[in-house]
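Test case, fold it:
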Amino acid sequence: MALDSFECRIITGGFNHCDNTWNKASDELDRCFKIYHPVKGGAIINIDGIEYPIQKGNVYLISGFHIESQRCSSFMDVYWLHFIPYSLYLRHIMLNSRSLHVWSETNISFVDDFNLYIKKLFRGDFKTSNITSLPFSFEEAKLHSYILHFIAETLKDTPSYSLEASGDIKKLTPSVTFMNNEFRNNPPLETIAQKSKFAPNYFHRMFKKNFGLTPHGYMLRLRMEYAIKLLTSTEKSVKEVACECGYENEFYFQRQFKKHYKYSPGKLKKLRPF
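Numbering: from 1, shown residues only. Sure, this is the predicted structure:
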């Protein structure tokens, strides 16, 4: 079976100078895939109980779902990007692939452009243009192409049997596609299940069995991921972000966001604790 989609959502990114305050246990904010390119110094990330050095000269693709903690004993200057595949099937494959992939920066021909477009797209020390009003940009398109390169490299190293989609996943694909397009409208379970021609309760059980979360939980995660993208890469107010994520009530959105991430939207917008 061909993958239903290689499209990914860039959640956030930037350039950071990390010091010894960059020490934290994993939390919900880490539940995504991360590309790190350190240019000075280094750090340590604990993945599944094993400590890995993150150091200058390499580019890393990390499954944040497996991070337990991170620490920087001295300093690290790093370009970074967080993303998540739209396709639950692709998420499933990447979650069951290796948790850490490492490439020498000398083997990544576009590494300088990767850094440049991160500078341009995200707020921070190197903001060079006001592109945040655009729904999509050249810089974001280029970053998507680089993400696709790294995904292709991980798939190349993934055993072929891990790429086989189960019959259940194939049957669920129409509903997943519908949720990816309509999550801001929070469609009812009955409507979602109809897309795959299942009864609601049966669809709910099958979805949770295959993906480890409920349909409602999946759409909530899509809303929260989209909120982080807007909060960290645009100048939109919390009220505007709430509206774009499908929440009519700004304060309800704030409660949901804080419950999910343990940060208020305003605090995350200000601190960017990544």
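
could you dump stretch 234-244 to PDB, C-alpha only?
Taking C-alpha atoms only, stretch 234-244 is exported to PDB below (Å, rounded to 0.1, in the frame of the first residue of the first chain):
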ATOM      1  CA  THR A 234       2.800  34.400  13.900                       C
ATOM      2  CA  GLU A 235       1.900  37.700  15.700                       C
ATOM      3  CA  LYS A 236      -1.700  36.600  16.200                       C
ATOM      4  CA  SER A 237      -3.200  37.200  19.500                       C
ATOM      5  CA  VAL A 238      -4.400  34.400  21.800                       C
ATOM      6  CA  LYS A 239      -8.000  35.300  20.800                       C
ATOM      7  CA  GLU A 240      -7.200  35.100  17.100                       C
ATOM      8  CA  VAL A 241      -5.400  31.700  17.600                       C
ATOM      9  CA  ALA A 242      -8.400  30.400  19.500                       C
ATOM     10  CA  CYS A 243     -10.700  31.400  16.700                       C
ATOM     11  CA  GLU A 244      -8.500  29.800  14.000                       C
END
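
For that stretch, which outside residues touch it?
Contacts of stretch 234-244 with the rest of the structure, by C-beta atoms under 8 Å, 6 or more residues apart in numbering, involve 132-133, 184, 226-227, 230-231, 249-250, 253-254, 265-266, 269. For glycine as for every other residue, the C-beta is placed from the backbone atoms N, C-alpha and C.

Out of those, flag the one nearest to F198.
R184 (23.0 Å; C-beta to C-beta).

quick one: the closest one and C245 touch, right?
Yes: at 6.1 Å, R184 and C245 qualify as touching, with contact defined as C-beta atoms under 8 Å.

Identify the contacts common to these two.
223, 226.

Tell me which of those two has more neighbours.
More neighbours surround C245 than the other of R184 and C245, with 22 against 15 (other C-beta atoms under 10 Å).

So the more buried one is in contact with F253, correct?
Yes: contact criterion C-beta under 8 Å: C245 and F253 qualify, at 6.7 Å.

residues shared between the contacts of these two?
Among the neighbours of C245, those also in contact with F253 (C-beta under 8 Å, 6+ apart) are A227.

all helices for this protein, in order.
In the chain, the helices defined using DSSP state H lie at 88-95, 111-121, 138-156, 167-182, 189-195, 200-211, 215-233, 238-244, 250-261, 265-271.

distance of S196 from Y202?
Using C-beta to C-beta, to the nearest Å, S196 is found at 10 Å from Y202.

check contacts around F211.
88, 91-92, 218.

State the pair within those residues that is farthest apart.
H92 and Y218 (12.2 Å).

okay, the two: which has more neighbours?
Using other C-beta under 10 Å, the more surrounded residue of H92 and Y218 is Y218, with 21 against 18.

so what's the more buried one up against?
Y218 touches 88, 179, 207, 211, counting by C-beta under 8 Å, 6+ apart.

Could you dump the contacts of F211 into CSV with pLDDT and distance to K239 added?
Shown next, in CSV, are those (pLDDT from 0 to 100; distance: C-beta to C-beta, whole Å):
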residue, pLDDT, distance to K239
L88, 81, 30
R91, 85, 30
H92, 81, 35
Y218, 93, 25
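
Nothing else from me, thank you.
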